[in-house]
Each structure stands twice: as C-alpha cells, then as structure tokens.
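> Give the three-dimensional model of this entry:
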Amino acid sequence: MNLLNKRNDLPGAPNAREFIGAHHDGVPVSLILVEHEPGAGPRLHRHSYPELFVVDVGQAEFEIDGEHAVATAGDILVAPGGTAHRFTNTGTGRLRLTAIHTAEHFDTEWIDPGTNGSSC
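Have a look, this model is predicted:
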C-alpha cells in the first residue's frame with residue numbers, strides 16, 4: 001500500500017480524482033476529490049451506502065432526497081444510503097469538496113439522463 005497518494009496520480013478527471021479503497025489493500029472507504037467551476041456538478045444519482053460531503057472551498061447547493069441546502073467551506077452534509085442526491089457549484093469561484101463514500105468501491109445508480117457522468 002502506498003503511504004502517500006498524490007492527487008494528480010489518482011484516476012479520474014482533473015476535476016474529480018478518485019481514491020478507490022479496494023485498490024489500496026481493501027481500505028473500507030473511497031473518496032472523490034472534487035474541483036468544479038461555477039454551474040458544474042454531478043447529475044441526480046444514488047448509492048447503496050451513505051456518502052458524506054466536506055466542503056473545503058466555495059459554495060454549492062445540494063439536493064438530498066428532495067431537500068435543498070446551500071453549503072460553504074467547513075460544512076459537512078450526509079446523503080443516507082439509497083437517497084437521490086446531487087450538487088451544483090452556485091458560487092462565483094471554484095468549488096472544492098471531498099465526497100466520502102463509505103464503501104471500498106463506487107456503486108452509483110444514475111437517475112437523471114444526461115451527459116455529465118461525474119460521480120459523487
């Protein structure tokens with residue numbers, strides 16, 4: 001197992017780098033390091049497990065199971081397992097957040113059709 005995993009060495013796109021626990025000696029969590037421009041974010045989806053979001057920089061509007069909340073740096077949100085959720089960068093600058101998946105691999109069911117396949 002690597003002691004140090006550099007962001008740019010992780011798989012995924014530059015705006016969504018993925019740490020997959022199963023690829024690191026079965027670590028029981030996975031995460032996505034998200035960087036989105038204003039207006040960007042994943043489309044509506046769900047996971048069988050809970051997902052936590054930690055906002056590091058910027059502002060985002062989250063929809064979790066039909067409820068809406070605006071989060072800024074330092075806020076933490078939870079999408080319980082099985083709930084439909086998405087977020088959009090509603091700030092004027094870059095959004096940086098960490099999406100923590102409580103599973104060793106990603107399991108995503110996309111609900112909204114569309115071209116944005118960004119996972120979170």
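
> need the contact list for residue 85.
44-46, 51, 62-65, 79 (CB atoms under 8 Å, 6 or more residues apart in numbering). Where C-beta positions appear, they are placed from N, C-alpha and C, glycine not excepted.

> Show me the beta-bridge partners of residue 68.
residue 63 (DSSP bridges).

> Just to check, it is in contact with residue 61?
Yes: contact criterion CB atoms under 8 Å: residue 68 and residue 61 qualify, at 6.2 Å.

> what about the strands in the chain?
Taking DSSP state E as the criterion, the chain contains strands spanning 12-13, 16-19, 30-36, 45-47, 51-57, 59-64, 67-72, 76-79, 85-89, 95-101, 108-110.

> just to revisit the earlier point, so residue 68 and residue 61 - more neighbours on which side?
Legend: neighbour count by other CB atoms under 10 Å for residue 68 and residue 61, higher for residue 61 (15 against 8).

> List the contacts of the more buried one.
Taking CB under 8 Å, 6+ apart, one finds 68-71, 87-88, 90 in contact with residue 61.

> The same query, at a cut-off of 7 Å, please.
By CB atoms under 7 Å, 6 or more residues apart in numbering, the residues touching residue 61 are 68, 70, 87-88, 90.

> Residue ranges in this protein under the pLDDT threshold?
Counting by pLDDT under 70, the ranges of the chain that qualify are 1, 114-120.

> is it true that residue 84 touches residue 67?
No: in this structure, residue 84 is not within contact of residue 67 by CB atoms under 7 Å, at 10.6 Å.

> Nothing else from me, thank you.
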